[in-house]
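Undergrad: Quick one: sequence plus predicted model below, questions after.
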Amino acid sequence: MSHDVDFTLRSIRFDEHYTPSDTTRITTNFANLARGCNRQENLRNTLAMIDNRFNALAHWDNPTGDRYTVELDVISVEMNIDLDGSGTALPLIELLKTTVIDQQANARIDGIVGNNFSSYVRDYDFSVLLPGHNDGRSEFSTPKGFGDLHGQLFQSFVASSAYTCHFRKPPVICLSVSSSKVYHQTGNQHPVLGAEYQQDEYSLTDEYFRKMGLKVRYFMPPNSVAPLAFYFTGDLLGDYTDLELISTISTMDTFQKIYRPEIYNANSAAGKSFQPSLQHQDYSLTRIVYDRAERSRLAIEQGAFAEEHFIKPYQAHLTALFGQPHTQGHAS
């Protein structure tokens, strides 16, 4: 990658006192929880859910179920583009980094970076470009080059010195499975990740993350009710320890119970064949307030922000860096 682009990382602790930074993408799960009159109660309850889930999975040598706590840090990534010496810094990506606190051994154990994943360019792609491309079309399609720029930006960041100086291992991103696909149990069982699922074809999100250099596997961890999608490079089962994997499961299973209770807080578990549905009615609500309608509206606003402040003004520079233009606006 050209020498005139680099990345800057900033870290903010995600705890009951967390306040999103000015550049945080406010549709992000953790930022949404930290807003409104219930913000501190939301955060405290979320962190307690994560710790309880972690201890339930890490049950060996843990008879009272309180050996571990999980620390979370919000990693904000800015992309610095040096045009004519101006050194413009643009908010790009946010990730969550987990650290496991073993209170019995008085030890801090690195977790996984990735977990929740947010991106302004992803908002633009899915909330501005894709709807505009399909407006008036009878059959859904994706624009030419959809996801290419975002994938190149992400891979450049992971390969950068900014990433490798801070993190020992590649990221693992954990998301909800797609409600448009049917998932089938394979018979493969992992002691921590649980029952593996497969699907007949990849979702649009799977293809988008493939352009980020990430493969996907689907697992339903013990005592979960639906599979999660794990995006990774390398070997998901071999490259990460059980405690590292549990830190991601406990964090993202908790967020999904709050954000998509119809799927992840359902009152019955997924069977051998499973199609997720947000219209499912037999589920329980957590005590945590989350505004999904606001989240959808803000995604459109932030996609427009990315178009105005990143895609359009830096189009020529991005083309020079990556060798191909990114589809702009509502083009076909």
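TA: Thanks, I have the structure now.
Undergrad: Tell me the secondary structure at Ala269.
TA: Put simply, Ala269 is coil when judged by DSSP: H, G, I helix; E, B strand; the rest coil.
Undergrad: dump the residue contacts of Phe154.
TA: Going by Cβ atoms under 8 Å, 6 or more residues apart in numbering, Phe154 touches 93, 119, 212-213. Backbone N, C-alpha and C define where each C-beta goes, glycine included.
Undergrad: Actually, Tyr202.
TA: Counting by Cβ under 8 Å, 6+ apart, Tyr202 touches 210, 216.
Undergrad: lowest confidence element among the helices and strands of the chain?
TA: One helix or strand of the chain scores below all others by mean pLDDT, DSSP states H and E: helix 29-33, with a mean of 60.
Undergrad: Now the element after that helix, going C-ward?
TA: Where DSSP states H and E defines the elements, the next helix or strand beyond helix 29-33 is helix 39-57.
Undergrad: Can I get that next one as PDB, trimmed to CA atoms?
TA: Extracted C-alpha coordinates of helix 39-57, given in PDB (Å, rounded to 0.1, in the frame of the first residue of the first chain):
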ATOM      1  CA  ARG A  39     -27.300   4.200  30.100                       C
ATOM      2  CA  GLN A  40     -25.400   3.200  33.200                       C
ATOM      3  CA  GLU A  41     -27.900   0.500  34.200                       C
ATOM      4  CA  ASN A  42     -27.700  -0.800  30.600                       C
ATOM      5  CA  LEU A  43     -23.900  -1.000  30.700                       C
ATOM      6  CA  ARG A  44     -23.800  -2.500  34.100                       C
ATOM      7  CA  ASN A  45     -26.300  -5.200  33.200                       C
ATOM      8  CA  THR A  46     -24.600  -5.900  29.900                       C
ATOM      9  CA  LEU A  47     -21.200  -6.400  31.500                       C
ATOM     10  CA  ALA A  48     -22.800  -8.700  34.200                       C
ATOM     11  CA  MET A  49     -24.400 -10.800  31.400                       C
ATOM     12  CA  ILE A  50     -21.000 -11.100  29.700                       C
ATOM     13  CA  ASP A  51     -19.200 -12.200  32.900                       C
ATOM     14  CA  ASN A  52     -21.900 -14.700  33.800                       C
ATOM     15  CA  ARG A  53     -21.900 -16.200  30.300                       C
ATOM     16  CA  PHE A  54     -18.100 -16.500  30.300                       C
ATOM     17  CA  ASN A  55     -18.000 -18.300  33.700                       C
ATOM     18  CA  ALA A  56     -20.800 -20.700  32.500                       C
ATOM     19  CA  LEU A  57     -18.600 -21.700  29.500                       C
END
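Undergrad: Please renumber the chain so that the first residue is 637 from this point on.
TA: Noted, 637 is the first residue going forward, which turns the last one into helix 675-693.
Undergrad: Summarise which helices and strands the next helix or strand after it is packed against.
TA: Remark: after helix 675-693, the chain's next helix or strand is strand 704-717, criterion DSSP H and E. On a contact count with 3 or more Cβ pairs under 8 Å, 6 or more residues apart in numbering; DSSP states H and E, strand 704-717 meets strand 641-650, helix 675-693, strand 724-738, helix 784-794, helix 878-895.
Undergrad: Select, out of the ones you listed, the one closest to Val828.
TA: helix 878-895 (4.9 Å; Cβ to Cβ).
Undergrad: in that closest one, what counts as buried?
TA: 879-895 (16 or more other Cβ atoms under 10 Å).
Undergrad: for stretch 752-768, same thing?
TA: Buried residues in stretch 752-768 (16+ other Cβ under 10 Å): 752-766, 768.
Undergrad: Please narrow the residues you listed to those residing in strands.
TA: 752-755 (DSSP state E).
Undergrad: Tabulate these in TSV, adding columns for pLDDT and distance to Thr644.
TA: Output for those, formatted as TSV (pLDDT from 0 to 100; distance: Cβ to Cβ, whole Å):
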residue	pLDDT	distance to Thr644
Asn752	88	20
Phe753	88	18
Ser754	86	17
Ser755	88	16
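Undergrad: Great, nothing more from me.
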